[in-house]
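Student: Structure here, sequence nowhere to be found:
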């Protein structure tokens, strides 16, 4: 897996539970070097890639999460991007069990520089849709 920006690098990869409830474990990759194209500021990002029954072999750009749903090379998942310069959204990430009790795995993202520098935790609730 590779990132879309030349200066960006993956700072972590972590296996997750099954966030989309399809019976296949998912994973996340993060980078604190992702640039927001609208502002030009480095904000960090986390890419959550949903596992597939066919597996994931070969080379992929994480930006393939944005390809059309019908595109055969599309990665299924989501990208979470910071909103302020220096947020370092990609620094801490964990598989957080099931916070809302719906039987679907959830995850937690730690943002060391969020909330004005005091840090924040963001819960991502898993869902089949």
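Tutor: Looks like it arrived, so ask away. Bear in mind the structure is a predicted one, so any value in this text is a computation, not a measurement.
Student: got the buried residues for stretch 11-31?
Tutor: 11, 16-20, 26-31 (16 or more other Cβ atoms under 10 Å). For every residue, glycine as well, the C-beta is placed using N, CA and C.
Student: Find the residue at the geometric middle of the chain.
Tutor: The centroid of the chain falls nearest to residue 47 when counting by Cα atoms, centre = their mean (2.4 Å).
Student: Pairing partners for the host helix or strand of that one, with directions?
Tutor: If you go by DSSP states H and E, residue 47 is part of strand 45-49. Next to strand 45-49 in the sheet, as set by DSSP bridges, lie strand 27-31 (antiparallel), strand 77-81 (antiparallel).
Student: about what we covered before: export the buried residues of stretch 11-31 to TSV and tack on distance to residue 74 and pLDDT?
Tutor: Formatted as TSV, those follow (distance: Cβ to Cβ, whole Å; pLDDT from 0 to 100):
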residue	distance to residue 74	pLDDT
11	24	78
16	19	88
17	22	89
18	19	92
19	17	92
20	14	92
26	15	90
27	16	87
28	18	88
29	16	85
30	20	83
31	20	81
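Student: need these in JSON lines with distance to residue 37, can you?
Tutor: Shown next, in JSON lines, are these (distance: Cβ to Cβ, whole Å):
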{"residue": "11", "distance to residue 37": "20"}
{"residue": "16", "distance to residue 37": "27"}
{"residue": "17", "distance to residue 37": "31"}
{"residue": "18", "distance to residue 37": "31"}
{"residue": "19", "distance to residue 37": "26"}
{"residue": "20", "distance to residue 37": "27"}
{"residue": "26", "distance to residue 37": "26"}
{"residue": "27", "distance to residue 37": "25"}
{"residue": "28", "distance to residue 37": "22"}
{"residue": "29", "distance to residue 37": "19"}
{"residue": "30", "distance to residue 37": "18"}
{"residue": "31", "distance to residue 37": "15"}
